[in-house]
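A.B. asks: need a 3D model of the following:
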Amino acid sequence: MPQPPNMQQMLKQVQKMQADMVAAQEQLKTEEVEASAGGGMVTVRVSGDLVVKAITIDPEAIDPEDAELLQDMVLAAINEGIRAAQAVAEQRMSSVTGGLGGLGLPGM
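C.D. replies: Numbering: from 1, shown residues only. Predicted structure coming up:
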């Protein structure tokens, strides 16, 4: 018959994981990723907590006759930046929550 889980030990592990998650979320606010579109004509910086910090547009990308192309490049760069920032956040959080298996809970 398996040993019942040690509830006090589990509580300590959960509290530590919560503290680690808060620390990781705070760290994500300071981490930034950069993404670009149009061969570098539009570049964005996005923080790990998904805040767009900066958008840089090469003056050559500004064509009054083709505003739609510039809009598409900005949109593509922002979406790529958000995707990259989400990947960083997911990686950081999984390093914290990877300890769930050690709690001795069924199915974990």
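
A.B. asks: for A85, grab phi and psi.
C.D. replies: A85 adopts backbone torsions of phi -70, psi -40, taken as degrees, to the nearest 10.

A.B. asks: who's in contact with it?
C.D. replies: By C-beta atoms under 8 Å, 6 or more residues apart in numbering, the contact set of A85 is 32-33, 46-50. Every residue, glycine included, has its C-beta placed from N, CA and C.

A.B. asks: report the buried members of these.
C.D. replies: Buried subset of the contacts of A85 (neighbour count, 16 or more other C-beta atoms under 10 Å): 32-33, 46-48.

A.B. asks: distance of Q13 from M21?
C.D. replies: Using C-beta to C-beta, to the nearest Å, one obtains 12 Å as the distance from Q13 to M21.

A.B. asks: same question for V44.
C.D. replies: Per C-beta to C-beta, V44 is found 27 Å from M21.

A.B. asks: tally of neighbours for Q71?
C.D. replies: Neighbourhood size, Q71 [other C-beta atoms under 10 Å]: 11.

A.B. asks: host element of it?
C.D. replies: Element membership for Q71, per DSSP states H and E: helix 67-97.
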